[in-house]
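Visitor: the following block contains a protein sequence and its predicted model.
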Amino acid sequence: MSGAADSGEAIAALLTLMARLRDPQRGCPWDREQTFRTIAPYTIEEAYEVADAVERGEPGKLCEELGDLLFQVVFHARMAQEQGWFDFAAVARGIREKLIRRHPHVFEDASSITDASELSRVWEEQKARERAAAAGRGSDADHSALADVPRALPALTRAAKLGRRAARVGFDWERASQVRDKVLEEVREIEEALADEAGGGGTGKVAEELGDLLFAVANWGLHLKIDPEEALRAANAKFERRFRRMEALAAAKGAPLQALDAAQWDALWRQAKREA
């Protein structure tokens, strides 16, 4: 394992490399023309690839993907430095100071908080104070409980985060059963919208109602103590695993997938469920 000195040297070398890539005369043409907006999608993609490496339990891949994600941070910091806004050192200092501020039970009074639920509450209160301070005053200040929920989050993740924020100020169902009723209500509204469109009514209502259903399901997950994004990721993985098994079963029988009828698909799916 490397020590702090080795880590410092490695980061310094990476920062030097980034400066070289962005050098106006000697740098890489592609790296030189990038902006915050063009790089942001890659940053999001790299974060997902880190999560994928974690799910797969591949240490070597995780190390590689963390490096790719770190490079994204370095890239953004370099562009900010070129604008005269801040540099990588400011980013590192800022997160260090924030973590110390949000862990008073570690860096101030070790006995102040011992319960995990209490720690979570204090953490959220500190974050709320920081958001309020960042919003400032004036007509443009955003003091909403929903302020700063990133729009770039996956929609399901953002739905859950919006629901949690609203719940902290009291806008929430009391019981999970009430959310279940809301989910069923949204299903009925989709059916009504479908019937309306079939009868020549306005279009676009089905998509709106489907969005309402997904939002309600995300909140139901929160009341069941289930992260909806993680649940959907697990469902995606299960579907992929079973579908790939179906493909293998069909190939073993020499049956082209496109030639299968509904009964054959059903039989293969049932077998795949038993085996995968």
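Guide: Yes, it's here. Numbering: from 1, shown residues only.
Visitor: excluding its backbone neighbours, what's nearest residue 164?
Guide: Leaving out its chain neighbours, the residue that sits closest to residue 164 by C-beta to C-beta, 6 or more residues apart in numbering is residue 222, at 6.4 Å. Every C-beta, even on glycine, is put in place using the N, C-alpha and C of the backbone.
Visitor: how about the secondary structure of that neighbour?
Guide: Classification of residue 222 by DSSP: H, G, I helix; E, B strand; the rest coil places it in helix.
Visitor: wait, doesn't it sit right on residue 165?
Guide: No: in this structure residue 222 lies outside contact range of residue 165 using C-beta atoms under 8 Å: 11.1 Å.
Visitor: between the two, what contacts are shared?
Guide: With contacts defined as C-beta atoms under 8 Å, 6 or more residues apart in numbering, no residue is shared by residue 222 and residue 165.
Visitor: from residue 191, how far out is the residue nearest to residue 164?
Guide: Noted for residue 222: a distance of 25 Å to residue 191, by C-beta to C-beta, to the nearest Å.
Visitor: so where is the stretch 1-150 of the chain shaky, pLDDT-wise?
Guide: For the stretch 1-150 of the chain, the stretches with pLDDT under 70 are 1-2, 110-118, 120-121, 123-124, 131-132, 134-140.
Visitor: give me that answer again for 50
Guide: By pLDDT under 50, the stretch 1-150 of the chain contains no weakly predicted segment.
Visitor: more neighbours, residue 222 and residue 191?
Guide: residue 222 (20 against 12; other C-beta atoms under 10 Å).
Visitor: next one: that one from residue 243, what distance?
Guide: Residue 222 sits 29 Å away from residue 243, going by C-beta to C-beta.
Visitor: no further questions, thank you.
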